[in-house]
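Visitor: I would like the atomic coordinates for the input below:
(one chain, ligands or ions: 2)
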Amino acid sequence: MPIKDPPQRLARIGWRAQALPEDVDPAAIARVVAQHRTGYQLHDGEDTFNAQPAARFLKRDVDPTARPAVGDFVVVAAGSPPTIERVLPRRTELKRGAAGESHQRQLIAANVDAVFVLSGLDHDFNPARIERYLLLIQGSGATPVLVLTKADRAEAVDTIADDLRRRVPGVEVHAINAKSAASVEPLLAHLGPGHTAVLVGSSGAGKSTLTNTLLGESRQATGAVREHDSRGRHTTTHRALILLPSGGCLIDTPGMRELKLTGEEQIDRGQFADIDELAQSCRFGDCAHASEPGCAVQAALADGRLDPDRWRNYLKLRDELAATADTLEAQLRRRSEAKVLTKALGKRLGEKYGRR
Ligand SMILES: Nc1nc2c(ncn2[C@@H]2O[C@H](COP(=O)(O)OP(=O)(O)OP(=O)(O)O)[C@@H](O)[C@H]2O)c(=O)[nH]1
Ligand SMILES: [Zn+2]
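Guide: Ligands and ions are numbered 1, 2, ... in the order given. A predicted model of the protein is given here:
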């Protein structure tokens, strides 16, 4: 890897003034831009090249989230093929529960500054699903940005966007036509030099279309959507990090049908904090918020301060989170190397749900 000017080269791949461990040679740093079945594709700010992970990353007992992932800055040892020796400390980690019954956590992307949550203003539009995304993003360290696509084809766009803004206060919401460069411009605020954004959203939401518009050329294949259900055809096959003309980096993910929580989310923080606070001002400490006298939740539902749909989704996510956190705790307990984490998590569960 020829190095001319490391700081500038690294800025091109989204490196910011991050603390670098002393024993790391800046010349050996590259970023993971794609992960294939057979290895990784890296970018060093000048070129892309393939690399293999060091053997220790492949051991069975390694936590999957500790392995190199798209967006990671890694230390590479020369060779043929080059080897990823080390993953540098991440500034953010976007995770979800892995699909299936394994209860593993899966890293969607590392070192992202913003998460663009794309929802089409068609059959795909679903505020409860958006709230689930927000819960997943909350602990990542990245900023969520809600992007409502297909605004050019929908009606009452302003009303829908304003309703959503009221439902998720403090979160940026943009209604756009992903095909129009002028329309996507507000998103560029998150895509300047040294910044990285990741696109999430169901298949057909417009991730590839938006990527193409931001790139100003057609690089990602876009698939036709079957009109009757607005589902896409899953044209994206792997995550890929793309360097944009605006100087920022964009990560495109495949459609994520299943959005399992990891068990590490905290429902009493962030967008649902107001509900949690409300529930604590009920007359009885163990109020079930059903028909108890002096229930602050029922009062808020009755006078319109609390959206019933949002309340239902809060209960659903809270129960799911409690169940996932239990499984995660049990799983971590089985793993002797995770002793410390289990203790911290158990303590938090104990405090929150009165267990143990
Ligand atoms: N009119 C209009 N069409 C859009 C917009 N965004 C996406 N589309 C269309 O919707 C279809 C699906 O868009 P894609 O960009 O392929 O969706 P995707 O999220 O990348 O889908 P996967 O790759 O399957 O995850 C394509 O036919 C796009 O042209 C938009 O804002 N306006
Ligand atoms: Zn109550």
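Visitor: so who does the residue in the stretch 51-200 of the chain that ligand 1 sits nearest to touch?
Guide: The minimum distance from the stretch 51-200 of the chain to ligand 1, using Cβ to the nearest ligand atom, falls at Ala178 (3.6 Å). Just so you know, the C-beta spots here come from the backbone N, C-alpha and C atoms, and that holds for glycine as well. Contacts for Ala178 were tallied using Cβ atoms under 8 Å, 6 or more residues apart in numbering; they are 118, 149-150, 184, 206, 209-210, 213.
Visitor: any idea which of those has the most stuff around it?
Guide: Per-residue neighbour counts (other Cβ atoms under 10 Å) across the contacts of Ala178 peak at Thr149, which has 29 neighbours.
Visitor: Give me the nearest residue to it, chain neighbours excluded.
Guide: Gly206 (3.8 Å; Cβ to Cβ, 6 or more residues apart in numbering).
Visitor: Now do the contacts for the one you found.
Guide: 118, 120, 149-150, 178.
Visitor: Close to ligand 1: what parts of the stretch 1-150 of the chain are there?
Guide: 149-150 (Cβ under 6 Å from any ligand atom).
Visitor: Could you pull out the strands in the stretch 1-150 of the chain for me?
Guide: Applying DSSP state E, counting those that start in this stretch to the stretch 1-150 of the chain gives strands spanning 29-36, 39-43, 48-53, 73-77, 83-87, 93-97, 105-110, 114-120, 143-149.
Visitor: Could you dump those strands into CSV with distance to Lys59 added?
Guide: Shown next, in CSV, are the strands of the stretch 1-150 of the chain (distance: least, Cβ to Cβ, whole Å):
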stretch, distance to Lys59
strand 29-36, 18
strand 39-43, 17
strand 48-53, 11
strand 73-77, 17
strand 83-87, 14
strand 93-97, 20
strand 105-110, 17
strand 114-120, 30
strand 143-149, 34
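Visitor: rewinding a little: the residue nearest to Thr149 and Asp309, how far apart?
Guide: 24 Å (Cβ to Cβ, to the nearest Å).
Visitor: can you check Val115 too?
Guide: 23 Å.
Visitor: and Ala197, what are its bridge partners?
Guide: Applying DSSP bridges to Ala197 gives these bridge partners: Ala114, Leu250.
Visitor: Would you confirm that it contacts Ala189?
Guide: No. Under the criterion of Cβ atoms under 8 Å, Ala197 is not in contact with Ala189, lying 10.2 Å apart.
Visitor: These two: which is more packed in?
Guide: Per other Cβ under 10 Å, whichever of Ala197 and Ala189 has more neighbours is Ala197, with 23 against 13.
Visitor: Kindly state the pLDDT recorded for the more buried one?
Guide: Note for Ala197: predicted pLDDT of 96.
Visitor: What of His123?
Guide: At His123, the pLDDT value in this model is 80.
Visitor: Look up phi and psi at it.
Guide: Main-chain torsions, His123, degrees, to the nearest 10: phi -60, psi -20.
Visitor: Quick one: neighbours of it, just the number.
Guide: 13.
Visitor: Let me know the distance separating it from ligand 2.
Guide: As judged by Cβ to the ion, to the nearest Å, His123 and ligand 2 stand 35 Å apart.
Visitor: same deal with Gly216?
Guide: 53 Å.
Visitor: How about Ala99?
Guide: Applying Cβ to the ion to Ala99 and ligand 2 gives a distance of 35 Å.
Visitor: residues contacting Ala66?
Guide: 57, 87.
Visitor: Show the pLDDT at the residue positioned nearest the centre of the chain.
Guide: With distances taken as Cα atoms, centre = their mean, the residue of the chain nearest its centroid is Leu94 (4.3 Å). If you check Leu94, the pLDDT there is 92.
Visitor: hang on, it packs against Gln138?
Guide: No. The pair Leu94 / Gln138 is not scored as a contact, 10.5 Å apart, by Cβ under 8 Å.
Visitor: Lovely, talk soon.
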